[in-house]
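Q: Sequence unavailable; structure follows:
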Ligand SMILES: Nc1ncnc2c1ncn2[C@@H]1O[C@H](COP(=O)(O)OP(=O)(O)OP(=O)(O)O)[C@@H](O)[C@H]1O
Ligand SMILES: C[C@H](N)[C@H](N)CCCCCC(=O)O
Ligand SMILES: [Mg+2]
């Protein structure tokens with residue numbers, strides 16, 4: 001692995017997966033091989049008796065090489081609730097996640113890891129997403145869904161990332177709503193408040209095209 005990033009967001013449902021897949025396409029267009037991971041997922045359907053999560057499947061599908069599902073997503077919980085509740089019977093063990101991550105690192109130039117929920121979402125009864133990111137030791141990309149309330153959430157999350165001792169490599173604006181009053185001013189405000197580069201603005205897409213989204217991203 002040359003590069004790896006941990007993708008977090010201001011909340012659940014803010015565009016982390018879409019941004020992660022757009023980043024995977026971006027790196028592929030740069031001639032890099034990419035794999036991804038969604039170590040902890042809650043909200044799964046059952047396929048041939050096994051729990052499967054849509055984020056993890058999308059990340060698996062967009063990898064440059066074939067990776068088995070349990071490496072991409074070692075913790076797949078059926079209930080769409082906080083992981084420490086959904087995973088009560090099989091709680092997340094970071095050592096297991098790290099072992100899978102080590103496997104992925106040998107497979108590609110770039111490894112992207114999507115978190116679950118926001119920065120302090122619990123992953124088990126004593127650890128949260130920040131502990132997961134810290135254990136992986138990756139620079140963090142912050143995804144912000146541009147909507148009313150996002151300035152507060154983005155500032156809080158950015159401060160928390162920095163306080164965790166990790167580098168924030170940049171932030172991505174995702175337009176998850178078809179129309180937002182004063183979109184540009186919101187983005188300008190976030191840019192002024194977040195002391196990290198903006199990596200791109202992903203436009204609202206009624207029907208997603210990850211290649212189009214990837215053209216909106218720039219990472220040094
Ligand atoms: N660029 C976009 N244009 C339109 N809708 C979008 C865009 N990005 C995200 N969305 C909408 O927001 C939803 C949530 O996006 P996404 O699944 O990437 O969020 P998430 O932060 O990964 O959520 P989770 O916490 O469940 O992992 C998508 O299903 C889609 O409906
Ligand atoms: C079900 C959802 N889409 C995510 N997989 C889980 C989000 C957990 C959020 C926990 C919390 O912070 O309250
Ligand atoms: Mg997701």
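A: Looks like it arrived, so ask away. The model shown is predicted, which means the values in this text are computed figures rather than measured ones. Numbering: from 1, shown residues only. Ligands and ions are numbered 1, 2, ... in the order given.
Q: Doesn't residue 143 lie inside a helix?
A: No: according to DSSP: H, G, I helix; E, B strand; the rest coil, residue 143 belongs to no helix; its state is strand.
Q: With adjacent residues omitted, what lies nearest to it?
A: Using CB to CB, 6 or more residues apart in numbering and skipping the chain neighbours, the partner closest in space to residue 143 is residue 9 (4.0 Å). To be clear about C-beta, it is placed using only N, CA and C from the backbone, and glycine gets the same treatment.
Q: Give me the number of neighbouring residues for the one you found.
A: Close neighbours of residue 9, defined as other CB atoms under 10 Å, add up to 31.
Q: ok, it - contacts?
A: Neighbouring residues of residue 9 by CB atoms under 8 Å, 6 or more residues apart in numbering: 15-16, 115, 118, 142-145, 157.
Q: Between the residues you listed, which sits nearest ligand 2?
A: residue 118 (5.7 Å; CB to the nearest ligand atom).
Q: these two touch, right, that closest one and residue 8?
A: Yes: in terms of CB atoms under 8 Å, residue 118 counts as a neighbour of residue 8; the distance is 6.9 Å.
Q: list residues touching both of those two?
A: By CB under 8 Å, 6+ apart, residue 118 and residue 8 have these common neighbours: 129, 157.
Q: Comparing those two, which residue is more hemmed in?
A: The neighbour comparison of residue 118 against residue 8 (other CB under 10 Å) goes to residue 8, with 31 against 22.
Q: near ligand 1, anything from the strand or helix carrying that one?
A: For residue 8, the element it lies in under DSSP states H and E is strand 3-9. Yes: contact of strand 3-9 with ligand 1 is found when judged by CB under 6 Å from any ligand atom, involving residue 9.
Q: The very next helix or strand once past that strand versus strand 3-9: what angle between them?
A: The first helix or strand that comes after strand 3-9 along the chain, using DSSP H and E, is helix 16-29. Helix 16-29 and strand 3-9 are oriented at 160 degrees to each other (axes from the mean of the first three to the mean of the last three CA atoms, to 10 degrees).
Q: Quick one: distance of helix 16-29 to the chain centre.
A: Mean-position distance between helix 16-29 and its chain equals 10 Å (CA atoms, centre = their mean, to the nearest Å).
Q: What are the buried residues along the helix or strand containing residue 104?
A: Assigned by DSSP H and E, residue 104 falls within helix 94-105. For helix 94-105, the buried set under the neighbour-count rule, 16 or more other CB atoms under 10 Å, comprises 94, 97, 100-101, 104.
Q: Show me which of those residues is closest to residue 206.
A: Distance to residue 206 across the buried residues of helix 94-105 (CB to CB) is lowest for residue 104, with 32.7 Å.
Q: Go ahead and confirm the closest one touches residue 71.
A: Yes: with contact defined as CB under 8 Å, residue 104 counts as touching residue 71 (6.4 Å).
Q: Helices along the protein, start to end?
A: All helices of the chain, identified by DSSP state H, fall at 16-29, 54-61, 69-72, 83-86, 94-105, 129-136, 150-163, 183-193, 210-214.
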